[in-house]
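Asks: quick one: sequence and predicted model below, then my questions.
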Amino acid sequence: MAQSSKPGLIKAMGMVASVALIVGNMVGTGIYTLPASLAITAGPISLISWGIVAVGFFFLALIYADLGQAYPRSGGPAVYARKAFGDFIGFEIAYSYWLSVIIGNAAIVIATVGYISVFNETMAASPTIQVIVALLITWVLVGVNIVGVRQGASVSIIATAAKLIPLFILAIVGIWYFEPENLTPFAPQGNGAILPAAALIVWAFAGLESATVPAEEVDDPRTIRRSTMIGFGLTALVYILISVTVMGLLPNETIGGSAGPLALAASQVLGPWGATLMAIGAIVAGIGTLNGWILLSGRIPLSVAADGLFPKVLAQIHPRFHTPHISLIISALIASAMILLRLSNSLLETFEFIVLLSVLMTLVPHMTSGLAEYVMSRREPNMFPHRSPATASAISIFGLAFVLWVIYGTGWESIGWGSILLVAGVLIYWGMKRG
């Protein structure tokens, strides 16, 4: 079995596993809940927002495909930021990205438990039971990923296939019941709603960079490039098909008033079993997505810790399973602390608070990755043989402009929270350097 350049890690991820990791991390609980939020925020005009976000993330996919093949080192955005801008920026991006993943894991498992509660009235009425189930799911998947990347990748492949099937069934059957009049009025909140809708949609595209994070466990650097583009294309197709289908099946007011718009749409065209199918699909999507993000939560600090920017303990590799077990455990402990917030808040309040923190912290690494491609394609053009410096620069500029536009769209509240967390990172870095 081929060994990674980092002692202890095993190159075990091929094309199928890499694509499954990307699609599995992107197609999560968001697609099951976003149609309702978008119906309230923008209405049918949010279809334009989907198109804009898909185009913007196409450029980001190109950026991560280029950088992932050029610098196939575990850590993803943090590696590129450090390569282009030095230790401090590398630390800040590693800190920001790792924190966004850990916080996002708590949001994913809380949303998943919400879907599970639909089938159990006792759980639905008990925050304590919900927290226990959320913690149990989290730590079981941590155990799976400690045992090995092959086991974690296998879970991602199975879960990805299982979650896509219900969505394609709804899209294929639902298109025959499409009612154009459901798209009117097209812009009930006005054209200005396109930007806030786009900011919401970005949450659904989180995970585009997934194949770059465990880069040293991917069998070939070219696999990172290909799987990133394939994973993005498949995910964007699913999202747009589902969004068009749901908006064509149900009036906008009905979508906005539903806690489970996909289940409602499925019940309309498939009967009662369709709603059950969607609910099960949402649970599988949540567990599969959580598994993929837990895998990444152990890999993000790996290279940074090995280089001395994070505590060395985070770079430890399990002697038997060849996985970053300490990083996985510490990440899960922090996520567990976030999950415990559920005991003092409602499910929706907890979910929205955690998502607010996660989204902004994810956009910052996207921004620096765009800047890194611009800098490195000019500094080391030989690392980008498939791109001319001018083309690479254009791609990075388009990607960067899109990210800045979306950051503005998230609103000043989320920007404020993100700024506080980034300043805290500066203090941590200063403390580590002094130590």
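Replies: Cool, got the structure. Residues are numbered from 1 along each chain as shown.
Asks: which residues of the stretch 301-435 of the chain score low on pLDDT?
Replies: Per-residue confidence for the stretch 301-435 of the chain (pLDDT under 70) gives these ranges: 342-357, 435.
Asks: where along it do the helices fall?
Replies: Listed from the start of the chain, the stretch 301-435 of the chain has helices (DSSP state H, counting those that start in this stretch) covering 325-339, 347-379, 389-409, 412-434.
Asks: got a markdown table for those helices, with mean neighbour count and distance to residue 131 too?
Replies: Every residue, glycine included, has its C-beta placed from N, CA and C. As requested, these are exported to a markdown table (neighbours: other C-beta atoms under 10 Å; distance: least, C-beta to C-beta, whole Å):
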| stretch | mean neighbour count | distance to residue 131 |
| --- | --- | --- |
| helix 325-339 | 20 | 6 |
| helix 347-379 | 22 | 10 |
| helix 389-409 | 18 | 32 |
| helix 412-434 | 13 | 23 |
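Asks: and residue 47, which of those is closest to it?
Replies: Closest of the helices of the stretch 301-435 of the chain to residue 47 is helix 389-409, at 16.6 Å (criterion: C-beta to C-beta).
Asks: elements contacting the closest one?
Replies: helix 46-70, helix 194-202, helix 347-379 (3 or more C-beta pairs under 8 Å, 6 or more residues apart in numbering; DSSP states H and E).
Asks: out of these, nearest to residue 143?
Replies: Counting by C-beta to C-beta, residue 143 lies closest to helix 347-379 out of the helices and strands packed on helix 389-409; the figure is 23.0 Å.
Asks: please spell out which residues along stretch 217-226 are buried.
Replies: By neighbour count on 16 or more other C-beta atoms under 10 Å, the buried set for stretch 217-226 is 217, 218, 219, 220, 223, 224, 225, 226.
Asks: wait, doesn't the fifth one sit right on residue 15?
Replies: I take that to be residue 223. Yes. The pair residue 223 and residue 15 passes the contact test of C-beta atoms under 8 Å, sitting 5.3 Å apart.
Asks: quick one, grab the pLDDT at the closest residue to residue 194 other than its chain neighbours.
Replies: Taking C-beta to C-beta, 6 or more residues apart in numbering as the measure, residue 194 lies nearest to residue 49, with 5.1 Å between them; neighbours along the chain are not counted. At residue 49, the predicted lDDT confidence score is 94.
Asks: so what's residue 49 up against?
Replies: Listed by C-beta atoms under 8 Å, 6 or more residues apart in numbering, the contact set of residue 49 reads 38, 42, 194, 195, 197, 198, 201.
Asks: what does residue 179 give?
Replies: Listed by C-beta under 8 Å, 6+ apart, the contact partners of residue 179 are 248, 249.
Asks: returning to that earlier point: how about the helices and strands packed on helix 389-409 in CSV, adding distance to residue 397?
Replies: Putting those into CSV (distance: least, C-beta to C-beta, whole Å) gives the following:
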stretch, distance to residue 397
helix 46-70, 9
helix 194-202, 19
helix 347-379, 7
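Asks: for residue 126, which of the ones you listed is the nearest?
Replies: With C-beta to C-beta, the closest approach to residue 126 among the helices and strands packed on helix 389-409 belongs to helix 347-379: 11.5 Å.
Asks: just to revisit the earlier point, and of the helices and strands packed on helix 389-409, who's closest to residue 83?
Replies: With C-beta to C-beta as the criterion, residue 83 lies closest to helix 347-379 of the helices and strands packed on helix 389-409, at 6.4 Å.
Asks: before we move on, back to that, from residue 205, how far out is the residue nearest to residue 194?
Replies: Spatial separation of residue 49 from residue 205 under the definition C-beta to C-beta, to the nearest Å is 12 Å.
Asks: again with residue 303
Replies: Counting by C-beta to C-beta - residue 303 and residue 205 are separated by 24 Å.
Asks: check residue 72 too.
Replies: Applying C-beta to C-beta to residue 72 and residue 205 gives a distance of 23 Å.
Asks: residue 103 too?
Replies: Noted for residue 103: a distance of 17 Å to residue 205, by C-beta to C-beta.
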